[in-house]
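K.L.:
Okay, predicted coordinates and the sequence, questions at the end:
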Amino acid sequence: MIGMKHILVPTDFAEPSDRALGTALELARAFDSRVTLLHVWSIPNMGYAESLTWPIEDMQRAARTSLDAAVEAARKRYPKVEGVLREGLEWRQILEVVSDLGCDLIVMGTHGRHGLPRLVLGSVAEKVVRLSTVPVLSIGPGKEVKK
């Protein structure tokens, strides 16, 4: 049986991440697991970035504020939730946190992009699934119900 003592939930605060967190909290409740909510922020990579001054402290503060609010809300649903904030490449930081904290499951949302948007923006979830040493549960975007 797969151990589920520590579940990692990467978040970008979008709807798929919220759905992944909900799933992770249900699993954590069933298996009495700890949950780490991870947010990775980075400076946008643009060709003209050298000429721009990024408000790094403001970006980091905004990321911390959003993460703290998400952790507080999650703790109302399940008490064993902690938050971790990292800076860098999302997929790399996710895999490093798994190793650093000894997580044994990743539950993450995916935006479900296809074609050119996926090619341009990449897929963090796909890279994590391919490179992770622990199981990854990928939660796609919700579908609207047609009436």
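P.N.:
Right, received. Where do you want to start?
K.L.:
Mind listing what's buried along the longest helix belonging to the chain?
P.N.:
Counting by DSSP state H, the longest helix found in the chain is helix 56-77. Neighbour-count burial for helix 56-77, counted by 16 or more other CB atoms under 10 Å, picks out Ala63, Ser66, Leu67, Ala70, Val71, Ala74, Arg75. The way it works is simple: take the backbone N, C-alpha and C, and place the C-beta from them, glycine included.
K.L.:
residues of the helix or strand hosting Ala20 that come out buried?
P.N.:
Under the criterion of DSSP states H and E, Ala20 resides in helix 15-31. Neighbour-count burial for helix 15-31 flags Pro16, Ser17, Asp18, Arg19, Ala20, Leu21, Thr23, Ala24, Leu25, Leu27, Ala28 (criterion: 16+ other CB under 10 Å).
K.L.:
rewinding a little: could you list the residues in contact with the longest helix of the chain?
P.N.:
Here helix 56-77 makes contact (CB atoms under 8 Å, 6 or more residues apart in numbering) with 11, 13, 21, 25, 35, 37, 39, 41, 43, 81-83, 85, 87.
K.L.:
likewise stretch 5-19?
P.N.:
Contacts of stretch 5-19 (CB under 8 Å, 6+ apart): 20-21, 24, 27-28, 31, 33-40, 66-67, 70, 90, 94, 97-98, 101-112, 124, 128, 139-142.
K.L.:
Many thanks, we can stop here.
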